[in-house]
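# Structure, please.
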Amino acid sequence: MRGLKILLLVLLTAAACRVVTARVFQVRATAPGRLNTAGLGWERAYSTAMNINGVPNDLVVYAASRYMPVLDQIKLQFDAQGAEVKLTETPFGAQGLAKADGQETRILAMAAPDGKNMLVFLFYPDPQGAAAEPAFPLPVCPGAAAEQVVSNQGSGSSCLMVRTEIDPAQVQAFYAGILSASGWQAVLPPGNGASRFALYSKNGQACAVSAAPLPDGRSRVTVLVKGSTL
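Residues are numbered from 1 along each chain as shown. Predicted structure coming up:
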């Protein structure tokens, strides 16, 4: 999901919405609070279960033609269910939240790498799911705040996203020491530069560490572990 400019796409979808008939947005029976894609022409690309900050979530990913009025389709479908929906356009697409009948849906729309499609990620947190303490197989780097942990038990993957007071070089040095002590080998060292990325491997597992400076002087850090047993 990154770095693609789709402002023109947003303008095209807004224009296209004016010529699409209401029939396209017809709502059929669906689970309360969940987006009904019947009649939209979207393709269901992927679905899985995961924990986000300890809360069970269902993730469903759809692919839609970039020429479709995707954002308007999302809004109109949720509106038809009586949901409160807010979408904010971003450089890569849009993100937002819909609420209906006690169900929240977190929405992320972004340009696909092929340039032909938009990918729509719908996160459905379990309203009855008890939140557990988020667990990540590596220590959090010093000075970290706004922690988010996403894990997928099926794939054995965990992802940590934080902001920290230390610079990218210190972040990489911290994780290089931790991983080396646990028997991980550097496949791609972090190198130099303001933004730094490193890749490690161990017994068929992989760990990627990304650190980039933020305008406020902090660093944005993402650590992905594929195969979460160290």
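# Give the buried residues for the lengthiest helix in the chain.
Criterion DSSP state H: the longest helix present in the chain is helix 168-181. Going by neighbour count (16 or more other CB atoms under 10 Å), the buried part of helix 168-181 is 168, 170-172, 174-176, 178-179. C-beta here means a position set from N, CA and C on the backbone, and glycine is covered the same way.
# Between helix 168-181 and the strand or helix carrying Ser151, find me the angle.
Per DSSP states H and E, Ser151 falls inside strand 144-152. With axes from the mean of the first three to the mean of the last three CA atoms, to 10 degrees defining the directions, strand 144-152 sits at 50 degrees from helix 168-181.
# And strand 144-152, how far out from the chain middle?
Average the C-alpha atoms of strand 144-152, do the same for its chain, and the two points are 12 Å apart (CA atoms, centre = their mean, to the nearest Å).
# Any idea how many residues pack against Val149?
Per other CB atoms under 10 Å, the neighbour tally for Val149 reads 19.
# separation between it and Ser155?
15 Å (CB to CB, to the nearest Å).
# And the strands in this structure, which stretches?
Using DSSP state E, the strands of the chain run over 43-52, 55-65, 84-90, 93-100, 103-111, 117-125, 144-152, 157-164, 185-188, 196-202, 205-213, 219-226.
# Nearest to Thr37, out of the ones you listed?
Evaluated with CB to CB, the strands of the chain place strand 55-65 nearest to Thr37, the distance being 6.3 Å.
# and that closest one, C-alpha only, in PDB?
What follows is strand 55-65 as a C-alpha-only set of coordinates in PDB (Å, rounded to 0.1, in the frame of the first residue of the first chain):
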ATOM      1  CA  VAL A  55      -8.800  -7.000  19.400                       C
ATOM      2  CA  PRO A  56     -10.000  -9.700  17.000                       C
ATOM      3  CA  ASN A  57     -10.700  -8.300  13.500                       C
ATOM      4  CA  ASP A  58     -11.900  -9.700  10.200                       C
ATOM      5  CA  LEU A  59     -10.100  -8.200   7.200                       C
ATOM      6  CA  VAL A  60     -11.700  -8.300   3.800                       C
ATOM      7  CA  VAL A  61      -9.900  -6.900   0.700                       C
ATOM      8  CA  TYR A  62     -11.600  -6.000  -2.500                       C
ATOM      9  CA  ALA A  63     -10.200  -4.900  -5.900                       C
ATOM     10  CA  ALA A  64     -12.200  -2.400  -8.000                       C
ATOM     11  CA  SER A  65     -11.400  -0.700 -11.300                       C
END
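# I am finished for the moment; much appreciated.
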